[in-house]
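**Q** here is my input; please provide its structure:
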Amino acid sequence: MKIEFSAEERLFRERVRDWLVDHKPKAPRPPRGRAIRDFDLAWQKAKYEGGFGAVTWPKDYGGAGLSAVEQLIYFEELAKAGAPGVNSLSPALNHAAPTIIAAGSDEQKSFHLPQILKGDVLWCQGFSEPGAGSDLGGIRMRAEIDGDHLVLNGQKIWTSFGQFADWQETLVRTESGIGKHKGISWLIVDMKTPGIDVRPLDTIANDQHFCGVFYDNVRVPLTNVVGGLGNGWQMGMVTLNNERIAAAASHSADLVNTVENLIELARTRTGPDGRPMIADEELAARLARHRAEASALCAMTYATISKQNRGNQPGPEGALPYLYFGELLQRVRLTGLDVLGGDILALDSLLEKWTRGFLTDRMYVIAGGSAEVRRNIIAKTMLGLPRSY
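**A** Coordinates of the predicted model:
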């Protein structure tokens, strides 16, 4: 694989870099509470006004109409500048919007896409349920047709920022007894609808990133179905494939930056022997290995993006960098704890981000499909092997 950027792509990189110098948020992103929503929406508004609200969306829907390569460049420059990513807007920008663009009605596109693009609304995801997390075919939440509405009853879990969301992308079972992956529908749900009860969940990282969402006779218009009744499994795969491709590009850029920051931290911190910690040969070797592994992740991401840029739709190959990223991040975070030493408990200092990162980033081997599920995707769809279970 040979990676070369065109003159236009290099100019785009310079334009992103120059814009970030003047527009990157001055204040850090809040660690918790409703302030997260306000911060993320304000940052999306700023990106929209600067022409970076949705780099790869078609121009017909307000996007820049650029390639996946330019989106990758954009993520790389965000990471280098230490600028925030999409964060709580990921369900809107990376999940819901691509699905609506692919299969939504004209009314759904004209109503929802401008609000997402301009940073007016926050979305959350209602896919996982107790007993149906990584195995989405096991969802049981019912949606029964009543006139021109669906009536929802059941529960969703691990709904990120559900307590602050305006809309939700939701998978529900509209017909039972016809097969595990059949009879599922993809819905747009207004989170202000009567009968929805959102219960934030405290995590070990001292935040309420996740929520449980309960539905008691929640009425959703049939016009909020995307892709047609009973086609939710196919729509869900569109959602997840787009998520994995976008996340891989963003995550690989962020991880390269995290490794470089960790190396710099090891240069500035003093070890037990009074020398800079990076002088320890074993630690230096681990850091060098992490840098090489992060470069390998970038190469995998470039290969995936290159395939997409040749006109292919996002497919199962997105599971490769997503899987590698999640497991590599755990190794990097463990090395970070060794560099911090006793300061891992200093949660009121500038070092807090490293400890909190170790606690929160455990989710990346589970979220979006566990590491085991991703291995099955790779084995079955790319290698032609049988499932492990």
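
**Q** and the lengthiest strand in the chain, what's buried?
**A** Looking across the chain with DSSP state E, the single longest strand is strand 210-221. For strand 210-221, a neighbour-count test (16 or more other Cβ atoms under 10 Å) marks Phe210, Cys211, Gly212, Val213, Phe214, Tyr215, Val218, Val220 as buried. C-beta: built from backbone N, CA, C; applies to glycine.

**Q** any idea how far the third one lies from Trp158?
**A** The one in question is Gly212. As judged by Cβ to Cβ, to the nearest Å, Gly212 and Trp158 stand 8 Å apart.

**Q** do the fifth one as well
**A** The span separating Phe214 from Trp158 equals 14 Å under the rule Cβ to Cβ.

**Q** could you do the fourth one as well?
**A** When distance is defined by Cβ to Cβ, Val213 is 10 Å away from Trp158.

**Q** so what's in contact with the two at the same time?
**A** Between them, Val213 and Trp158 share no contacting residue under Cβ atoms under 8 Å, 6 or more residues apart in numbering.

**Q** what sits against the nearest residue to Leu93 once chain neighbours are set aside?
**A** Computed as Cβ to Cβ, 6 or more residues apart in numbering, the closest residue to Leu93 that is not its neighbour in sequence is Val86, at 5.2 Å. Taking Cβ under 8 Å, 6+ apart, we find Val86 in contact with Asp40, Gln44, Leu93, Asn94, Ser250.

**Q** pLDDT wise, what is the second one at?
**A** The one in question is Gln44. Gln44 carries a pLDDT score of 97 in this model.

**Q** quick one: contacts for it?
**A** Gln44 neighbours (Cβ under 8 Å, 6+ apart): Gly53, Val86, Leu89, Leu93, Lys118, Gly119.

**Q** now, which of those residues sits nearest Ile36?
**A** Relative to Ile36, the closest of the contacts of Gln44 is Leu89; by Cβ to Cβ it sits at 10.5 Å.

**Q** verify the stated contact: the closest one with Cys124.
**A** No: counting by Cβ atoms under 8 Å, Leu89 stays clear of Cys124, with 10.5 Å between them.

**Q** so between the two, which is more surrounded?
**A** Per other Cβ atoms under 10 Å, whichever of Leu89 and Cys124 has more neighbours is Cys124, with 28 against 23.

**Q** part of a strand, is the more buried one?
**A** Yes: assessed by DSSP: H, G, I helix; E, B strand; the rest coil, Cys124 belongs to a strand.

**Q** which other helices and strands contact the worst-scoring helix or strand of the chain on mean pLDDT?
**A** Here the helix or strand of the chain ranked lowest by mean pLDDT, DSSP states H and E is helix 371-377, holding a mean of 79. Secondary structure elements in contact with helix 371-377, counted by 3 or more Cβ pairs under 8 Å, 6 or more residues apart in numbering; DSSP states H and E, are helix 319-340.
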